[in-house]
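Student: Can you look at this prediction? I've put the sequence above it.
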Amino acid sequence: MKKKLIACMLCLAMAFSMTACGGDSKDTKDAGGDAKEADESGSDVDYIKDKGTLVIGITEFEPMDYKDDSGEWVGFDADMAKLVADELGVEAEFVVIDWDTKIMELDSKNIDVVWNGMTLTSEVTSAMECTNAYCNNAQVVVVPEDKKDAELAELTFAVEAGSAGEAAANDKQYNMNSVASQADALMEVKSGTSDAAVIDLLMAGAMIGEGTSYEDLIYTEELTTEEYGVGCRKGSDLAEFINGIFKAAYGDGRMMEIAETYGVQEAVVEQ
């Protein structure tokens, strides 16, 4: 009888011990598993809120994303991205990417959005969940003033790899040198390494001509017209969230106020 009583007590002790261990495992999961659960839920909005950062993939592109004298990323796109980060309750983190691999960077979650004057091409809209258009733009030919009357077919163009400018130059069957960014394309023309460049109209308006570092460069021809959008992961709920911020910020004047700071107010699309 005594042996049976001792055996029962041992069984109860073991059962209590296993229950306690199970409780510790659940507490550990609750403490560290929020971000993972948000990720598995399929909501990018929840995923970004839980990790505390909105990681924005960019290239240096004035007036959309560029560094001011203090080294802070500013520009129309940068300031709008900061606005969205504030609405999410997270920090905005800017990461310079290779524009030609932007889709891979997004899908691998190295970044959360592609937000850098991105043209809404069929390739982009098929690979990403994109926001509504927020700016109008065009691809333009930039040349030194002494080449303004040159035959374009005889020139060598610098173009950003993977960009709408590269696609436009390719459609025209221009001779091309692919470079890492539109800023590099302008440097190629200034140095004489390339005869001309194809870049965004908004960038040309901000970076070439009188009062800029490229005073002897002009743009001569619009090759395309296009619209900018923000790219999120395919199927992401973040694109619709950003659309809501766009609509509210356009309605209360914040979007136009930011646009006027960078001289792009004429390009803003009504939301």
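Tutor: Structure's in. What do you need? Fair warning: this is a prediction, and the values are worked out from it, not measured in the lab.

Student: got the residue ranges for the helices in the stretch 151-271 of the chain?
Tutor: 164-171, 182-191, 201-207, 238-251, 254-261 (DSSP state H, counting those that start in this stretch).

Student: For stretch 79-92, buried residues please.
Tutor: Across stretch 79-92, burial judged by 16 or more other CB atoms under 10 Å covers 79, 80, 81, 82, 83, 84, 85, 88, 90, 92. Where C-beta positions appear, they are placed from N, C-alpha and C, glycine not excepted.

Student: Please read the previous query as pertaining to stretch 117-131.
Tutor: For stretch 117-131, the neighbour count (16+ other CB under 10 Å) marks 117, 118, 119, 120, 124, 127, 128, 129, 130, 131 as buried.

Student: Just the ones of those in helices?
Tutor: The members of those that map onto helices under DSSP state H are 124, 127.

Student: and of the buried residues of stretch 117-131, the nearest to residue 211?
Tutor: Distance to residue 211, by CB to CB, is smallest for residue 117 among the buried residues of stretch 117-131, at 21.5 Å.

Student: what angle sits between the longest strand along the chain and helix 238-251?
Tutor: Ranked by residue count, the top strand of the chain under DSSP state E comes out as strand 217-232. Inter-element angle recorded for strand 217-232 and helix 238-251: 120 degrees (by axes from the mean of the first three to the mean of the last three CA atoms, to 10 degrees).

Student: Any stretches of the chain with poor pLDDT?
Tutor: Low-confidence segments of the chain (pLDDT under 70): 1-41.

Student: returning to that earlier point: the helices of the stretch 151-271 of the chain: which one's closest to residue 47?
Tutor: Nearest to residue 47 among the helices of the stretch 151-271 of the chain is helix 238-251; the distance by CB to CB comes to 8.8 Å.
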